[in-house]
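Trainee: here is my input, please return the structure:
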Amino acid sequence: MPRLVLASASPRRLELLRQIGVEPDVVEASAIDERALKNEQPRQTALRLASAKARAGALRHPGAVVLAADTIVACGRRTLPKAETVEEARECLALLSGRRHRVYGAIAVASADGRMSSRLATTVVSFKRLAPEEIDVYLASDEWRGKAGGYAVQGRAAAFVRQINGSYGNVVGLDHFNAAAMLRGAGIGVSLAATSHG
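Mentor: Sure, this is the predicted structure:
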């Protein structure tokens, strides 16, 4: 059984993997430039970045299976940032208020033999109209920091969501269905009975 590397420092992705009975041998983020390219579609950005993270992980861990992911929140053709400042998060929430947006979640897997595969999940999320006070209270929670689109659906922002069409796990950070199928294809067993890939 090959070793499994999760090329992400996200505790949410690790927990999502554990939900399907997978425990990575190594958890290590791949340091890559995550900026979108000029005129790049959000879905293309997600797939490119996930693949780049998987390739970087495979170079550091030859012979291992490397799973990497990237999540992009898009409103129309606009890619929203991973909010790092209050101003960025406020701008994101104001834009998402009362609207539908898409969450593109790409997963890339580098197999032990060097093969690369990738898949994309798309989830449509509808937000209720947010009052300025609601945005202020949410910003004070600090949950938004480092989150794509300036919110964490698994936290307080759950109260903003009117409807989700598609994978909830994808919005959190990893689509369970695609992850399980791709890991099986790379020779990693997925057991719902135990948190181990062995």
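Trainee: what is the longest helix belonging to the chain packed up against?
Mentor: Among the segments of the chain that qualify as a helix by DSSP state H, the longest is helix 42-60. Using 3 or more C-beta pairs under 8 Å, 6 or more residues apart in numbering; DSSP states H and E as the contact criterion, the secondary-structure elements in contact with helix 42-60 are strand 65-75, strand 100-110, strand 116-127. Glycine gets a C-beta too; all of them are placed from N, C-alpha and C.
Trainee: the longest one: what's the following helix or strand?
Mentor: Which is strand 116-127. The C-terminal neighbour of strand 116-127 among helices and strands, as given by DSSP states H and E, is helix 132-141.
Trainee: can you name the next helix or strand after that next one?
Mentor: With elements assigned by DSSP H and E, the helix or strand that comes after helix 132-141 is strand 161-165.
Trainee: relative to strand 116-127, how tilted is that next one?
Mentor: The directions of strand 161-165 and strand 116-127 differ by 140 degrees, with axes from the mean of the first three to the mean of the last three C-alpha atoms, to 10 degrees as the criterion.
Trainee: direction included, what does strand 161-165 pair against?
Mentor: strand 116-127 (antiparallel) (DSSP bridges).
Trainee: if we go by neighbour counts, what in the strand it pairs with is buried?
Mentor: The neighbour-count criterion (16 or more other C-beta atoms under 10 Å) identifies 118-123, 125, 127 as the buried residues of strand 116-127.
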